[in-house]
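> Pasting the sequence and the predicted model now:
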Amino acid sequence: MKNLFVCSIIYVFSNFLFSQTLQSYSGSFFDDNNVEGIATYTFYEKDNEKIKHGNFNFSFSSNGVDRELKGEFIDGKRNGIWSSTLSNVELSTIVTGTFINGIPNGKFHFEAIYIGGVFMSMEVEFNNGLIVGDFLFENKRQKVKVIGQLTKDGFMDGEWKIIKNNKEQIQKYTDSVFVLYIERDLNDSIVLKREDYELSKSIANENLITKNLYWNMYKKDDLYGFYFQTYIWSNWDLNSVGGVQEKSFKGMYYMSKTLNSFLLEGKSGPIIKDVDGNTYKTVYIGNQHWMAENLKTTKFNDGTTIPNHKEHVKFTEVSYNHINKKYAWCYYNNDLAKNSKYGKLYNGYVVTPSTNGNKNVCPVGWHVPNDTEWTLLSDYLGGANLAGSKMKEVGNANWTSLNSDATNSSLFTGLPGGTRETSFLDFISFSEAGLWWSSTFKENLIESDLLKCRKLSHYDGLLRSSIELRSNGLSIRCLKD
């Protein structure tokens with residue numbers, strides 16, 4: 001109630017400030033899943049951007065499916081109570097929750113209702129974007145409950161119980177690491193199975209444990225916790241009929257996708273072009289407007305050609321006195337097939353004014369982000385410890401099999417394009433890591449041969465701040481001026 005009161009005060013004060021400049025919109029609008037519907041909202045213009053401010057309502061109806069999303073924006077960020085409903089002739093889903101400055105805070109409630117009543121529900125508590133405290137999921141049709149707790153930092157901890165058909169599974173976690181499994185019959189309290197696990201010493205060991213057992217509940221709650229039941233759910237009973245397992249899995253997956261759609265932190269933007277005519281998807285994340293794909297251009301935006309150097313020595317152009325600093329690009333492993341999905345790798349001389357002749361490799365009106373701008377992105381997504389998961393493409397189509405924390409709720413869609421190194425290793429880390437240049441020198445030392453960058457990895461959900469030699473080859477994401 002206190003939070004809602006604060007939001008109301010902010011809203012009244014903000015409306016006073018913008019009362020002369022607020023404009024209204026009613027018409028075609030694409031939601032976070034690129035579904036077209038009708039939206040009505042008020043906004044003000046700032047730096048040629050439309051900043052939503054006030055009540056928002058979106059709806060669509062197509063092929064027997066109806067959706068409505070409504071809530072309130074304050075200076076472009078969700079605030080107060082938001083609700084989402086999605087329904088067809090058989091099923092309705094309802095999600096309600098509270099946001100403060102665009103971040104989930106307070107109780108969130110989910111219900112799925114079939115004809116005849118509620119069959120699935122979940123209630124969780126958010127604190128600054130993390131699920132904390134008590135967690136409860138219930139499937140009334142199949143008589144299943146999942147009960148557990150998360151720490152103030154969003155880690156699963158203590159005993160988590162899964163109850164079904166008079167059987168109880170207890171999974172015990174210590175700081176999110178799976179350490180004990182017990183299965184018992186609730187009718188007579190007989191322990192049917194018990195397995196103990198040593199505390200894992202590394203993330204790799206943790207993944208090995210969960211991979212072998214088909215559980216994924218130890219993970220830190222970087223996706224607001226909505227995916228971690230999926231593997232348990234689909235493997236509830238390894239001896240059950242396949243159709244039952246599949247049905248259960250789809251039920252959880254549907255719920256997960258519904259909630260994630262409601263909580264997406266990015267918003268798709270317009271398509272843009274570079275000087276070569278390559279097109280790029282874009283995304284609004286907080287108050288920033290990012291390219292959602294890696295750069296592919298072969299030219300600076302004034303038309304100056306950037307050489308493609310396939311040979312390692314030509315690409316790096318490094319001498320011990322650091323005189324030969326030449327800008328260049330290449331494909332990973334010099335493989336043209338990598339370009340359409342992963343873009344090109346550019347050495348750092350493409351980025352720095354003293355070595356590129358004060359040219360800009362990004363489309364007109366865009367630029368290579370500096371270190372501060374990368375930090376703004378990270379902070380908006382909950383800090384460096386959480387941002388990585390929200391920026392990586394989901395699944396293992398392009399990332400290696402350890403990418404289980406990825407959610408892409410920001411729609412940044414980070415891919416593991418690898419790097420080209422000055423060292424004898426040359427091309428490394430493809431499918432395991434993605435690295436992107438910033439335009440900031442290490443410790444702000446002008447003409448240091450080290451530039452700051454950001455790194456996403458397959459084995460955790462961090463967005464790492466790192467440094468790389470300018471002679472190395474990294475990906476580039478451009479940011480709107």
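Okay, I see it. Numbering: from 1, shown residues only.
> Pretty sure residue 461 sits against residue 383.
No: in this structure, residue 461 is not within contact of residue 383 by C-beta atoms under 8 Å, at 10.8 Å. C-betas here are computed from N, CA, C, even on glycine.
> Which one of these two is surrounded by more residues?
Set residue 461 next to residue 383 and count neighbours by other C-beta atoms under 10 Å: residue 461 wins out with 25 against 14.
> Not counting its neighbours along the chain, what's nearest that one?
residue 389 (3.2 Å; C-beta to C-beta, 6 or more residues apart in numbering).
> Could you tell me the average pLDDT over the helix or strand where the one you found lies, please?
Element membership of residue 389 [criterion: DSSP states H and E] is helix 384-391. Averaged over helix 384-391, pLDDT sits at 85.
> Which strands and helices lie in contact with that helix?
helix 371-380, strand 450-457, strand 463-469 (3 or more C-beta pairs under 8 Å, 6 or more residues apart in numbering; DSSP states H and E).
> what do you get if the cut-off is 7 Å, keeping everything else the same?
Applying 3 or more C-beta pairs under 7 Å, 6 or more residues apart in numbering; DSSP states H and E, we find helix 384-391 packed against strand 463-469.
> pull the CA atoms of the strand it packs on into PDB?
Extracted C-alpha coordinates of strand 463-469, given in PDB (Å, rounded to 0.1, in the frame of the first residue of the first chain):
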ATOM      1  CA  LEU A 463      27.300  -9.200 -17.700                       C
ATOM      2  CA  ARG A 464      31.100  -8.900 -17.200                       C
ATOM      3  CA  SER A 465      33.000  -5.700 -17.600                       C
ATOM      4  CA  SER A 466      36.400  -6.600 -19.100                       C
ATOM      5  CA  ILE A 467      39.300  -5.200 -21.000                       C
ATOM      6  CA  GLU A 468      40.700  -6.300 -24.400                       C
ATOM      7  CA  LEU A 469      43.600  -5.300 -26.600                       C
END
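> ok, that strand: who's next to it in the sheet?
Strand 463-469 has the following strand partners under DSSP bridges: strand 450-457 (antiparallel).
> And the contacts of the strand it pairs with?
Residues outside strand 450-457 that contact it (C-beta atoms under 7 Å, 6 or more residues apart in numbering): 348, 351, 371, 374, 388, 391-392, 414, 432-438, 440-442, 463-470, 474.
> next one: that strand to chain centre, how far?
18 Å (C-alpha atoms, centre = their mean, to the nearest Å).
> Moving C-terminal from the helix holding residue 389, which element do we reach first?
Remark: after helix 384-391, the chain's next helix or strand is strand 419-420, criterion DSSP H and E.
> Give the next helix or strand downstream of that following strand.
Going down the chain from strand 419-420, the next helix or strand is strand 427-428, by DSSP H and E.
> List the strands paired with that next one, with their directions.
Partners of strand 427-428 in the sheet, by DSSP bridges, are strand 419-420 (antiparallel).
> Give me every residue in contact with the strand it pairs with, excluding its own residues.
Applying C-beta under 7 Å, 6+ apart, the external contacts of strand 419-420 come out as 315, 330, 345, 426, 427, 428, 429, 435, 472, 473, 474.
> Separate out the buried members of the residues you listed.
315, 330, 345, 427, 429, 435, 472, 473, 474 (16 or more other C-beta atoms under 10 Å).
> Just give the closest residue to the third one, not the sequence neighbours.
For residue 345, ignoring the flanking residues on the chain, the nearest one in space by C-beta to C-beta, 6+ apart is residue 473 at 3.5 Å.
> who's in contact with that neighbour?
By C-beta under 7 Å, 6+ apart, the contact set of residue 473 is 315, 330, 345, 346, 347, 419, 420.
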